Structure formats: structure tokens, C-alpha cells
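> prediction below, plus the sequence it came from.
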Amino acid sequence: MRISLMVPVMPHEPEHLPAYAQLLLDSGAHRLWQGQSLAVETFQGFAYLAGQGLRVPVGTSVTLTALRHPYETALQARSLARLTGHDLVLGLGTGTPELVAALRGRPYGSPLTAARDQLTILRGLLDGKPVQHDGRYDSMHGGLPEFEHPPVSLGLGVLRPGMARVAGELADAAITWLTPPSYLGEVLVPELRAAAGAAGRAVPRVVTVVQVAVRRPGRDPHLVALNGSREHLAAPHYTDMLRQAGLRVHPSQVPLSARALVHSGTFVTGTLEEIAEGLDRYRAAGVDEVVLNTAGVHLTEGRAAALADLGELLPALAG
């Protein structure tokens, strides 16, 4: 199982990014990931790193489909692959109904169909083929000019079985967030395998973002978990997934839900050895790559504390 790291919060200054890229280079970790940033935009932040000479493998976990037509997304992705000189994982997510409605006038009637439209168009464009697709949410008639670049893999944000089936049919990677190991092994990974088998294609690799924190004197893991996951634990689609996984959570009881993350091992904390054991549960569940996310530490104690945790964890785990 590969070990990667996450830029834990939206960067407000480009100078906040190089420390994470340098940690990756120093530790031998696999890839630097970032979610959708509404501050320094995700693609541009990664391009800044390449311009600073920190040309590292990167991935988006995820960028939101409603923000761009897939033609624009393909342009951004292949440009970034060329700038970094490495293969890129372009992870997509459909976002919340409220955001989609704010951008498009109404929410997706079917997020699964929206994901299929985007993946189908992007696959053709990034393979250098003309696309003829009349979708429910996105259409494309044409292609991109020829342009040499490292490969771009398509990822899809997956929380529940329906999206796991779409990823199995069309994506190269299923990217999960806050997903307990047992739920991955018993629900999502079997759905991915079944859908890929039915489509006659390889099973997408599973990339899971896991919140972590080293045990330290005076550090309250429940508070760190709460600060790192507050918005997700208030979102119905995340709490629905966690309830399906057997956790006692509710969007109106966010502090108690954060405790459930810690007690279930979904939020992984402890000594370096205990964290390694906790992450090994993800490997056993079928995860191919774990992305270490120190958002809770960053939001509780600051960026230096988050970097210190990664500085201890990455050499021990990535090696």
C-alpha cells in the first residue's frame, strides 16, 4: 500500500505549499494531494510548485464537476501533467446539491449521471480522441489539439455504493474520504470489483484519505477529529455513509459524531506504531493508497504542528 500526503487546508498563500512538496521528496512518499480549494485554486497551486522547481506527482481529491466543463478540466489536467513532468490523478466529485444549484441553477437530478457524463467526455479528450457525447448535464462534440503530456488518470470521489459502481465502470481510481475500513472492505470494494468485472475492465485502484494525528501530551484526539471533520460530519451524505458503516452519527450531533470517528479507528491516532497498525486495516480492506490528512491538527494547533506530525509519520510509513 502506497503512502501519500494531503495539503490539509485550503492554502491562502502560495508559500504555504512548498513545505508539503518538500516532505514528499524527503520521505519518498508517493503523491501530493489537494482537495477543491476556494482560496489558492488547486490546479494553480500545483503549477506554482512546479514553477518553484518542486515537480512532484500530484492528484486532486477532488475537484468539483460543476465548476468547469470537462473540456476545460481536460485542458487544466494535461497542462498540469506537462508542468510537473509526472502522471496526474484527476479526481472528480459532484459536490453538494446546494453548490450545484448555486452554479447551475438547479442541483443534479442524478449525481451518478453527472459523473458518467464527465468521465465519458474526459476519457475521450485525454485519450486524444474526438468525442461525440450528448449527455444529460454535459455534452461534447469535438476533441483537443494534439499535445504531449504524461498520463492523466481519472478518479472519482466515492462514498456510497452507487458511485462505487460508476467508478468501477469508468474510472481509474476510486477516491474515498472518512470511509471506515470495514465499510470499504465489505461494501465499496466489492461494488467496485463487481462493476469493473461487468464492464470487462480492470478494477480501479482505491485511494483513501485518512485523518491522522500523533498522540502528544495535552492533545485531545476528539477535539482534533472534530476540528478536522466538522463540515463533513454536518453533511447528510457523509453521515448517511457513516451510518451505513455502523457508526452512531447524526448531522445535528457533530461532536458526538467526531468521537465515533476516533472510537471506530476511522480517525487514526496514537504512537507511530499504533498509527501504522490502524492504517494496515485499510490495506487489509483493499486500499491501494492511503493519503495522510492532518487537517484536524492544523486547525487545532496550527500549520507547524501539522507539518511536525507528517515529518514523523512519513519517513516511518513511506519507507
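Received the coordinates, thanks.

> how about the contacts made by Glu191?
By CB atoms under 8 Å, 6 or more residues apart in numbering, the contact list for Glu191 reads 161, 164-165, 168. All C-beta spots, glycine's among them, are computed from the backbone N, C-alpha and C.

> shouldn't Leu112 be in contact with Gly162?
Yes. The criterion here is CB atoms under 8 Å, and Leu112 meets it with Gly162 at 5.3 Å.

> can you show me the helices along the stretch 201-319 of the chain?
With DSSP state H, counting those that start in this stretch as the criterion, the stretch 201-319 of the chain has helices at 221-233, 236-244, 254-264, 272-284, 295-301, 303-318.

> what are the buried residues along the longest one?
Residues 303, 305-310, 313-314, 317-318 are the ones in helix 303-318 that count as buried (16 or more other CB atoms under 10 Å).

> same check on stretch 282-295?
With the criterion 16+ other CB under 10 Å, stretch 282-295 contains buried residues 282, 285-295.

> just stretch 212-231 next, same as before
Here stretch 212-231 shows 212-214, 219, 221-230 as buried, counting by 16+ other CB under 10 Å.

> with just CA atoms, put that stretch into CSV.
Extracted as CSV, the C-alpha positions of stretch 212-231 are listed here (Å, rounded to 0.1, in the frame of the first residue of the first chain):
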residue,chain,number,x,y,z
VAL,A,212,-4.3,11.1,11.4
ALA,A,213,-2.8,12.7,14.5
VAL,A,214,0.2,11.6,16.5
ARG,A,215,-0.5,11.1,20.2
ARG,A,216,1.1,14.0,22.2
PRO,A,217,0.8,15.3,25.7
GLY,A,218,-2.2,17.6,26.1
ARG,A,219,-3.6,16.7,22.6
ASP,A,220,-7.3,15.8,22.7
PRO,A,221,-7.9,13.4,19.8
HIS,A,222,-11.7,14.0,19.9
LEU,A,223,-11.2,17.8,19.5
VAL,A,224,-8.7,17.2,16.7
ALA,A,225,-11.2,14.9,14.9
LEU,A,226,-14.0,17.4,15.4
ASN,A,227,-12.0,20.3,14.0
GLY,A,228,-10.8,18.3,11.0
SER,A,229,-14.2,16.9,10.1
ARG,A,230,-16.7,19.4,11.4
GLU,A,231,-18.2,20.3,8.0
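
> which residues does that stretch contact?
When contacts are defined by CB under 8 Å, 6+ apart, stretch 212-231 is touched by residues 8, 178, 211, 233, 254-255, 257-259, 261-262, 267-272, 274-275, 279, 292-301, 309, 312-313.

> buried ones only from those residues, please, as a ChimeraX command.
A single ChimeraX command selects the buried members of the contacts of stretch 212-231 (16+ other CB under 10 Å):
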select :8,178,211,233,254,257,258,259,261,262,267,268,269,270,275,279,292,293,294,295,296,297,298,299,300,301,309,313
